[in-house]
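In: The following block contains a protein sequence and its predicted model.
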Amino acid sequence: MHIRAYRSVEENKPISDITTKRAHTQIIAEILDQCKQPTAKTRIMYKVSMSYPATINFLEYLQKIQMLKLDEEGKKYTTTEKGLSYLKKHSELRNLLKP
């Protein structure tokens, strides 16, 4: 999955991750953090402050790469061991970047 942000529909030019409000790595970390306990997609959407289509896009991607799993009923998402490993490494990198 390749997620891109655009300046405007007319320009159709990608904005670099530096100029976006949140980097995709940060959004992924926020979603995975919310899903440490089983969480419904609507709750994820509100807690991470994303639109419904963007939320669905990220949830599908994270399932595809096995960082999230959906429960048997198909209602709640939970972070997998791989996702927890990502969260740990993301935290370590953020700590390295602190002054």
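Out: Yes, it's here.
In: Test my guess that residue 63 contacts residue 71.
Out: No - in terms of C-beta atoms under 8 Å, residue 63 does not count as a neighbour of residue 71; the distance is 11.8 Å. From N, CA and C alone the C-beta is placed, and that goes for glycine too.
In: Strands along the protein, start to end?
Out: 39-40, 68-70, 76-79 (DSSP state E).
In: now the ones you listed as CSV including mean neighbour count and mean pLDDT?
Out: Shown next, in CSV, are the strands of the chain (neighbours: other C-beta atoms under 10 Å; pLDDT from 0 to 100):
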stretch, mean neighbour count, mean pLDDT
strand 39-40, 16, 96
strand 68-70, 18, 96
strand 76-79, 20, 97
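In: Tell me which stretches of this structure form helices.
Out: Using DSSP state H, the helices of the chain run over 24-34, 41-48, 52-64, 81-96.
In: Contacts only, for the residue nearest to the spatial centre of the chain.
Out: The structure's the chain has its C-alpha centroid closest to residue 28; by C-alpha atoms, centre = their mean the separation is 2.4 Å. Applying C-beta atoms under 8 Å, 6 or more residues apart in numbering to residue 28 gives the contacts 58, 62, 67, 86, 90.
In: do you know how far the residue nearest to the first one when sequence neighbours are not counted is from residue 47?
Out: Which is residue 58. For residue 58, ignoring the flanking residues on the chain, the nearest one in space by C-beta to C-beta, 6 or more residues apart in numbering is residue 31 at 5.8 Å. As defined by C-beta to C-beta, to the nearest Å, residue 31 lies at a distance of 9 Å from residue 47.
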